[in-house]
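1. predicted model follows, preceded by the sequence.
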Amino acid sequence: MPVKNMTKKQIQTFFERLREQRPNPETELNYSSPFELLIAVMLSAQATDVSVNKATDKLYPIANTAQAIFNLGVDGLKTYIKTIGLYNSKAENVIKTCGILLELHQGQVPETRQALEALPGVGRKTANVVLNTAFGQPAMAVDTHIFRVGNRTGLAVGKNVLEVEHRLVKVIPKEFILDAHHWLILHGRYCCIARKPKCNECIVSDVCNWPERFEFGAAKAIPIKNLT
């Protein structure tokens with residue numbers, strides 16, 4: 001049975017609860033500059049944040065600028081990231097990206113989607129993370145967690161990542177849009193997990209539209225008029 005889209009009231013309550021739970025949500029990737037974030041996100045494709053952090057914790061004290069990483073070369077970079085999946089292709093893309101940043105952007109990370117997506121190994125999702133997290137732009141990066149949460153709860157029902165992204169940007173109130181990416185990822189990672197969602201612990205189960213949530217311990221819905 002298809003999940004119904006949430007109402008405006010449900011969405012407002014949904015994000016109020018997530019904000020109360022995590023007032024200052026942040027990415028779990030370690031970084032201290034837009035460049036470090038860009039590289040970390042590039043390395044995180046099909047890898048865990050924990051594995052990326054272990055690699056960058058060793059890499060960044062040695063090289064954390066476009067010039068410094070470019071100077072390492074592909075083989076030199078591989079020695080730091082070889083524990084991460086797909087490290088061969090990632091090393092090549094990172095070195096190419098650093099070269100372009102040095103050539104076209106004075107070694108700095110550009111603040112536009114077009115320029116970011118022109119970098120090797122940087123797709124729409126990576127660009128959205130950088131635009132949102134590093135530069136505070138209202139972009140929405142949809143990963144597997146956000147795609148699942150959007151469709152399962154009825155927050156943003158869509159057949160593909162782009163449909164879910166556009167729906168989220170459209171329906172999320174402006175007061176929540178900058179932090180929504182992190183709230184949704186963390187909620188999907190730790191509560192609304194794929195196989196056995198923790199509906200019995202979920203702080204938004206009463207505004208969720210997933211019909212199966214009660215089978216996983218969700219409390220019966222509170223009438224929407226009584227929600228705070």
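-> Structure received.

2. and stretch 56-68, what's buried?
-> Residues of stretch 56-68 classed as buried by neighbour count (16 or more other CB atoms under 10 Å): T56, L59, Y60, A63, N64, T65, A66. In this view, the C-beta of every residue, glycine as well, is placed from N, C-alpha and C.

3. for H187, state which of those is nearest.
-> Nearest to H187 among the buried residues of stretch 56-68: T56, at 24.8 Å, using CB to CB.

4. the closest one against S44, yeah?
-> No: in this structure, T56 is not within contact of S44 by CB atoms under 8 Å, at 9.8 Å.

5. overlap in contacts, the two.
-> L29 (CB atoms under 8 Å, 6 or more residues apart in numbering).

6. contacts for the helix or strand where G99 lies, please.
-> Counting by DSSP states H and E, the element that carries G99 is helix 87-104. For helix 87-104, contacts defined as CB under 8 Å, 6+ apart pick out 35, 38-39, 42-43, 45, 66-67, 69-70, 72-74, 77-78, 81, 84, 107-109, 115, 118-122.

7. one step back: going by distance to G150, which of the buried residues of stretch 56-68 wins?
-> T56 (28.7 Å).

8. what secondary structure does that closest one sit in?
-> Following DSSP: H, G, I helix; E, B strand; the rest coil, T56 is assigned to helix.

9. for the nearest residue to it once chain neighbours are set aside, helix, strand, or coil?
-> Distances taken as CB to CB, 6 or more residues apart in numbering place A40 nearest to T56, at 5.6 Å, with adjacent residues excluded. Recorded secondary structure, A40: helix (three-state DSSP).

10. isn't A40 up against S32?
-> No: A40 is beyond contact range of S32, at 10.4 Å (criterion: CB under 8 Å).

11. compare the two and say which one has the larger neighbour count.
-> Using other CB atoms under 10 Å, the more surrounded residue of A40 and S32 is A40, with 22 against 9.

12. what are the boundaries of the helices in this protein?
-> 8-21, 34-43, 49-59, 66-81, 87-104, 113-117, 124-129, 144-153, 161-171, 177-190 (DSSP state H).

13. which secondary structure elements does the fourth one contact?
-> Spelled out, it's helix 66-81. With contacts defined as 3 or more CB pairs under 8 Å, 6 or more residues apart in numbering; DSSP states H and E, the packing partners of helix 66-81 are helix 34-43, helix 49-59, helix 87-104.

14. got it, and the first one?
-> Helix 8-21 makes packing contacts with helix 177-190 when contacts are defined by 3+ CB pairs under 8 Å, 6+ apart.

15. quick revisit: most packed of the helices and strands packed on helix 66-81?
-> helix 34-43 (a mean of 23; mean count of other CB atoms under 10 Å).

16. which outside residues touch it?
-> So helix 34-43 is contacted by 27, 29-31, 52-53, 55-56, 60, 64-66, 69, 81, 84, 90, 93-94, 97, 101, 107-109, 116, 121-122, 126, 129-130, 133-135 (CB under 8 Å, 6+ apart).

17. could I get the pLDDT score of A219?
-> A219 is assigned a pLDDT of 80 by the prediction.

18. no, scratch that, I was asking about P138
-> 89.

19. count of neighbours near it?
-> Neighbourhood size, P138 [other CB under 10 Å]: 14.

20. measure the residue nearest to it when sequence neighbours are not counted to N160 for me?
-> Residue nearest to P138 in three dimensions, not counting chain neighbours: I177, with 4.5 Å by CB to CB, 6+ apart. Using CB to CB, to the nearest Å, one gets 21 Å for the distance from I177 to N160.
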